[in-house]
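# would you be able to build a 3D model of this:
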Amino acid sequence: MHELSIAMSIVELAEGEARKACATSISKVEVEIGTMAGIETEALVFAWDAAISGTIANKAELIIHSITAEGHCLECGNDFPVSSFFTECAHCKSFRYQITKGKELRVRSLTVD
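The predicted structure follows:
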């Protein structure tokens with residue numbers, strides 16, 4: 001379950017930024033996760049409690065914003081939503097496309113005290 005290591009990395013990053021702001025606690029962490037990022041959000045939520053235990057984020061709420069994947073067809077130039085790696089272009093049915101959005105994993109914001 002790599003989601004635990006991801007949760008721990010998010011907490012580590014959040015703690016570092018909170019310390020830079022001279023904060024003593026973190027109450028909320030908002031993250032953006034693309035639908036093609038390979039992260040099971042349910043597993044990340046489950047791992048969150050273990051990751052925040054004993055940290056200045058020990059009561060922090062995790063808010064996840066999902067980013068829908070999009071592709072750009074290399075054949076016809078169409079941009080379209082991508083639901084899996086086996087999605088075809090909605091316009092020309094080609095499988096030759098580049099994922100342009102939806103692989104993200106980033107911390108959007110922190111709420112600190």
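# when you work out contacts or count neighbours from here on, use the C-alpha atoms and nothing else.
Will do.
# in the protein, which helix is the longest?
helix 2-20 (DSSP state H).
# what about V29, how many neighbours?
Each residue near V29 was counted by other Cα atoms under 10 Å, and the total is 20.
# separation between it and T111?
For V29, the distance to T111 (Cα to Cα, to the nearest Å) stands at 7 Å.
# OK, contacts around the residue lying farthest from the centre of the chain?
Distance from the C-alpha centroid of the chain peaks at C92, with 30.3 Å (Cα atoms, centre = their mean). Going by Cα atoms under 8 Å, 6 or more residues apart in numbering, C92 touches 75-76.
# and it, that's in a helix?
No - counting by DSSP: H, G, I helix; E, B strand; the rest coil, C92 is not found in a helix; it is coil.
# list the contacts for S66?
32-35.
# parallel or antiparallel, list what pairs with the helix or strand harbouring it.
According to DSSP states H and E, S66 maps onto strand 61-67. Each strand that pairs with strand 61-67, with its direction, by DSSP bridges: strand 26-34 (parallel).
# could you give me the average pLDDT of the strand it pairs with?
The predicted model gives strand 26-34 an average pLDDT of 98.
# ok, how many other residues are close to Q98?
Q98, neighbours per other Cα under 10 Å, totals 12.
# give me the secondary structure label for it.
Going by three-state DSSP: Q98 is strand.
# partner residues bridging the residue nearest the centre of the chain?
When Cα atoms, centre = their mean is applied to the chain, the residue found nearest the centroid is I33 (2.3 Å). Beta bridges link I33 to S66, L105, judged by DSSP bridges.
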